[in-house]
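Peer 1: give the three-dimensional model of this entry:
(one chain, ligands or ions: 1)
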Amino acid sequence: GVPEAFRPRVILSGPPGSGKTTVAAEIGAATGWQVRDTDADVETLAGKSVTDIFVEDGEDAFRALERRAVATALEEHDGVLALGGGAVLDEGTQALLAQYVADGGTVVFLDVSLAHAAPRVGFNTARPLLAANPRAQWQALMTARRPVYEKVGSLHVLTDDLEPAAVAAQILAAL
Ligand code: S3P
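Peer 2: Residues are numbered from 1 along each chain as shown. Next up is the predicted model:
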């Protein structure tokens with residue numbers, strides 16, 4: 001497996017609006033650990049935005065880039081890693097994350113209800129999977145994905161009514 005001394009300290013998963021990016025920044029600020037985000041890594045790999053990848057190349061192409069970004073981060077990132085909300089859908093990515101957990105790593109499922117996700121996402125959203133009818137699409141996506149988030153996650157945190165700093169503290173206390 002991955003050497004303990006050099007792998008992500010914690011990986012954050014969950015749907016859009018669960019606070020992955022904000023909580024990653026809070027953990028980084030509290031610990032000094034570097035923060036990395038697979039959406040940003042995918043944009044670097046592709047040389048274009050997440051939306052352009054979805055529109056021009058399709059979701060499967062995006063998931064393949066995301067799998068590469070996760071694999072690379074697992075090998076070279078010694079900090080906090082925030083996943084894109086759909087990264088866990090890809091079976092290859094699931095296998096990578098399962099191995100990371102088997103090696104003692106922590107994948108956090110940041111759970112959130114629609115009522116709490118909506119203001120966080122804004123739902124004026126640039127996210128391609130939520131563009132047509134954000135609230136209905138988010139709810140459908142969460143219902144479909146919940147079993148996957150639960151399967152892939154090794155730590156479940158319900159973020160409703162918690163400030164990001166409190167979520168970060170809860171995660172750090174569990175590591
Ligand atoms: C997606 C979530 C987005 C981004 C892409 C697809 C999803 O990341 O990866 O738009 O399928 O849930 P965030 O969860 O950071 O918004």
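
Peer 1: can you list the residues of this protein near the ligand?
Peer 2: Selection of the chain residues close to the ligand by Cβ under 6 Å from any ligand atom yields Pro16, Lys20, Asp39, Val50, Gly84, Gly85, Gly86, Arg127, Pro128, Leu129. No exception for glycine: its C-beta is placed from N, CA and C like everyone else's.

Peer 1: Provide a list of residues in contact with the closest residue to the fourth one other than its chain neighbours.
Peer 2: The spatially closest residue to Val50, leaving aside those adjacent along the chain, is Asp39, at 5.7 Å (Cβ to Cβ, 6 or more residues apart in numbering). Contact criterion Cβ atoms under 8 Å, 6 or more residues apart in numbering gives Val50, Ala82, Gly84 as the residues in contact with Asp39.

Peer 1: of these - the most surrounded one?
Peer 2: Among those, Ala82 has the most neighbours (other Cβ atoms under 10 Å), with 29 neighbours.

Peer 1: need the pLDDT of the residue of the chain most remote from its centre.
Peer 2: In the chain, counting by Cα atoms, centre = their mean, Glu56 sits farthest out from the average C-alpha position, at 22.8 Å. With respect to pLDDT, Glu56 scores 97.

Peer 1: also Pro119?
Peer 2: Model confidence at Pro119 (pLDDT) stands at 82.

Peer 1: please tell me how far the residue most central in space within the chain sits from Ala115.
Peer 2: Centroid-nearest residue in the chain, with Cα atoms, centre = their mean: Leu83, separated by 2.6 Å. Distance, Leu83 to Ala115, by Cβ to Cβ, to the nearest Å: 23 Å.

Peer 1: about what we covered before: and which of the contacts of Asp39 is nearest to Ala168?
Peer 2: Nearest to Ala168 among these is Ala82, at 12.0 Å by Cβ to Cβ.

Peer 1: test my guess that that closest one contacts Asp41.
Peer 2: No: between Ala82 and Asp41 there is no contact under Cβ atoms under 8 Å: 10.2 Å.

Peer 1: and the lowest-mean-pLDDT helix or strand in the chain, how far from the chain's centre?
Peer 2: Taking mean pLDDT, DSSP states H and E as the measure, the chain has helix 114-121 as its least confident helix or strand, at a mean of 86. Averaging C-alpha positions (Cα atoms, centre = their mean, to the nearest Å) puts helix 114-121 16 Å from its chain's average.

Peer 1: many thanks, we can stop here.
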